[in-house]
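Participant: Here is my input, please return the structure:
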Amino acid sequence: MKNIYFTGLLALLLFSCNTGPKNPADQVYINGIVYTVDETNPKTEAVAVKDGLILAVGTTEEIMAFVGKNTETIDLQGKTMTPGFIESHGHLMGIGYNKLDIDLMYVKTYDELIEKVAEAATNAEPGEWITGRGWHQDKWIEMPDKTIQGFQTHEKLSAVTPDNPVYLAHASGHASFVNQKAMEMAGINPLRSENPKQEVEGGEVLRDELGNPTGVLVERASGLVSRLIPEDTPERAEKALELALQELAEKGITSFHDAGSGQSFIDMVGKFKSEGKLTSRMYIMLTGRQPELLEAWYKKGPMIDPDHMVTVRSIKLNCDGALGPWGAWLLEDYSDKPGQRGHETLPMSIVTQVSEKAIPLGFQVCAHAIGDRANREVLDRYEAVFAKFPEVTDHRFRVEHAQHLHVDDISRFGEMGVIAAIQAIHLSSDRPWAIGRLGPKRITDGAYVWQKLLASGAVISNGTDAPVEPLDPIPSFYASVSRKTLKMLPEGGYEPDQKLTRDQALKSYTLAGAFAEFEEDFKGSIEVGKAADFTVFDKNIMEIPEDEILDAKVKMTVVGGRIVYQGD
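Facilitator: Numbering: from 1, shown residues only. Take a look at the predicted model:
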């Protein structure tokens with residue numbers, strides 16, 4: 001009896017002297033369904049975090065061993081955790097300004113667009129600019145009675161805005177719609193004998209049969225009006241950035257690839273970092289539309305942030321337009337517009353010049369290319385530059401969108417090590433009408449050919465191109481695995497042999513996105529030593545029936561161990 005008492009007393013003393021684990025976690029996430037995107041340990045239950053990095057991965061019982069007296073315990077209660085989602089192609093300020101300007105993404109008719117602008121005009125001072133973005137004529141449920149070259153005309157718009165110039169960007173960002181006052185300010189006049197035709201390299205002012213401008217400006221012609229819009233105040237720009245960052249957090253985005261910005265944006269993001277206001281890691285592409293900006297960065301070289309919060313090491317080049325406004329640069333005529341092959345919006349010699357300067361300095365080049373000719377031209381330039389600098393083997397040059405490819409060019413992505421930065425949600429939104437632009441053969445052979453690209457050995461990163469499409473990754477994930485519209489049509493999906501598996505789709509939004517910015521050793525999967533960047537969903541998007549994926553919601557977003565968003 002005495003021995004039993006002594007043994008019990010010794011155990012009590014040992015327990016009271018135990019100060020907990022030698023290396024306690026700052027947080028533990030337990031009782032979850034954790035998809036790691038780590039091939040050696042693809043699915044588990046819990047994660048421990050310390051100093052913003054992953055300390056341990058395992059079962060709930062294993063991870064509870066890292067709980068100390070100051071450890072925060074987050075019970076996931078069966079929710080699904082993945083690595084933090086990476087938006088690999090978007091426009092951050094566009095997301096923010098969409099919340100400050102007129103959001104036309106969801107208008108379903110031209111008359112509805114007019115109503116929104118008319119409402120804005122009643123609250124505007126005379127002479128004040130009215131701006132908005134998001135309209136897309138191919139997504140309207142009906143077109144107005146009068147159209148020119150597939151677009152609406154400005155008469156109704158001008159009638160409700162006699163005292164205000166109006167600039168409304170197309171959803172794609174590759175066209176605009178303006179009113180009479182804006183055209184007068186820009187000198188866009190009817191064609192008469194005394195008015196020579198207004199030529200715009202890489203763009204077009206659409207006109208009716210009498211030479212009158214319709215109000216639609218395609219590609220670089222939009223600059224005739226957009227350059228007249230007064231610059232925003234710093235206060236309004238910061239408000240737009242705040243709103244955009246809030247949207248990223250709410251949508252589970254832990255890293256964001258900004259597809260083309262200038263120095264003022266870089267400076268503002270740096271300011272937000274210093275103030276602790278960033279809710280997402282930023283990978284910024286320098287806009288190729290500012291040659292003086294590129295020259296300045298060639299002199300100082302890439303800015304690779306040791307904190308992994310704001311990195312600048314890539315250059316964005318805009319090489320053609322979009323399918324919606326018939327601006328994507330094609331090898332053959334558009335099926336629904338004979339004689340039209342789109343626009344080369346940047347001389348291809350510039351792709352060569354920029355690439356030759358970038359590659360020895362460690363800059364990545366990211367070329368926007370949607371049409372098959374634009375893709376081929378870009379790949380040709382990349383191939384020549386790679387041959388000129390054979391010592392640079394890890395360039396990770398990218399093609400942004402890689403949407404419509406000639407069959408002969410698909411394999412080149414894998415062979416050359418060029419990343420295809422796709423946006424699966426474009427398939428969902430565009431495929432119903434894109435077949436009219438390209439015809440069945442070109443659609444089947446080379447449009448949205450994700451499995452063919454993977455089979456070539458290419459890396460595919462994923463995103464939304466927000467605000468061209470909503471930032472929410474769930475619809476894009478759904479489009480990746482279903483190849484259906486958001487109305488869940490057609491049965492079986494478009495060209496179903498090109499669907500991504502759920503594992504492939506998750507990787508495209510996580511580890512592949514990290515690879516596309518040279519960060520795969522730091523983030524993109526849930527492994528010990530990597531960043532504690534997590535997205536938590538209320539439903540198991542990896543296992544629930546396909547058509548239930550769209551009902552999933554982001555419940556928590558974690559960046560570097562900091563919870564930046566938590567849903568109800």
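Participant: is it true that Gly211 lies in a strand?
Facilitator: No. With DSSP: H, G, I helix; E, B strand; the rest coil as the criterion, Gly211 is coil rather than part of a strand.
Participant: so which strand or helix has the closest residue to Ser335 other than its chain neighbours?
Facilitator: Residue nearest to Ser335 in three dimensions, not counting chain neighbours: Gly439, with 4.0 Å by Cβ to Cβ, 6 or more residues apart in numbering. From N, CA and C alone the C-beta is placed, and that goes for glycine too. Assessed by DSSP states H and E, Gly439 sits inside helix 424-446.
Participant: Domain-wise, how is the chain divided?
Facilitator: 1-78+522-568, 93-226, 319-500 (automatic domain parsing).
Participant: Between the two ends of the longest one, how far is it?
Facilitator: In this case it means domain 319-500. 27 Å (Cα to Cα, to the nearest Å).
Participant: looking only at pLDDT, what's the mean for it?
Facilitator: For domain 319-500, mean pLDDT rounds to 97.
Participant: swap in the shortest one?
Facilitator: With pLDDT averaged residue by residue, domain 1-78+522-568 scores 89.
Participant: Check the second one too.
Facilitator: The pLDDT scores in domain 93-226 average 89.
Participant: end-to-end on it?
Facilitator: From start residue to end residue, domain 93-226 stretches across 16 Å - Cα to Cα.
Participant: ok, back up a step: was I right to think the residue nearest to Ser335 contacts Lys337?
Facilitator: No. Applying Cβ atoms under 8 Å, one finds Gly439 not in contact with Lys337, separated by 11.8 Å.
Participant: one step back: dump the domains of the chain to a markdown table, plus mean neighbour count and distance to Ala240.
Facilitator: Below are the domains of the chain laid out as a markdown table (neighbours: other Cβ atoms under 10 Å; distance: least, Cβ to Cβ, whole Å):
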| stretch | mean neighbour count | distance to Ala240 |
| --- | --- | --- |
| domain 1-78+522-568 | 17 | 18 |
| domain 93-226 | 18 | 3 |
| domain 319-500 | 21 | 11 |
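Participant: who wins for proximity to Val310 among these?
Facilitator: With distances scored as Cβ to Cβ, the stretch of the domains of the chain nearest to Val310 is domain 1-78+522-568 (12.9 Å).
Participant: And the closest one, how far out from the chain middle?
Facilitator: Remark: domain 1-78+522-568 is offset 30 Å from the chain centroid, using Cα atoms, centre = their mean, to the nearest Å.
Participant: Then stretch 134-145?
Facilitator: Taking mean C-alpha positions (Cα atoms, centre = their mean), stretch 134-145 and its chain are 24 Å apart.
Participant: Give me the contacts around it.
Facilitator: Residues from elsewhere that reach stretch 134-145, judged by Cβ atoms under 8 Å, 6 or more residues apart in numbering: 98, 103-111, 113, 150-153, 156, 168-172, 177, 324, 429-430, 433, 467.
Participant: who touches the residue lying closest to Gln149 once chain neighbours are set aside in this structure?
Facilitator: Closest residue to Gln149 in three dimensions, ignoring its sequence neighbours and counting by Cβ to Cβ, 6+ apart: Leu206, at 5.5 Å. The contact partners of Leu206, taken as Cβ under 8 Å, 6+ apart, are Ile148, Gln149, Phe151, Pro213, Thr214, Gly215, Val216, Leu217, Val218.
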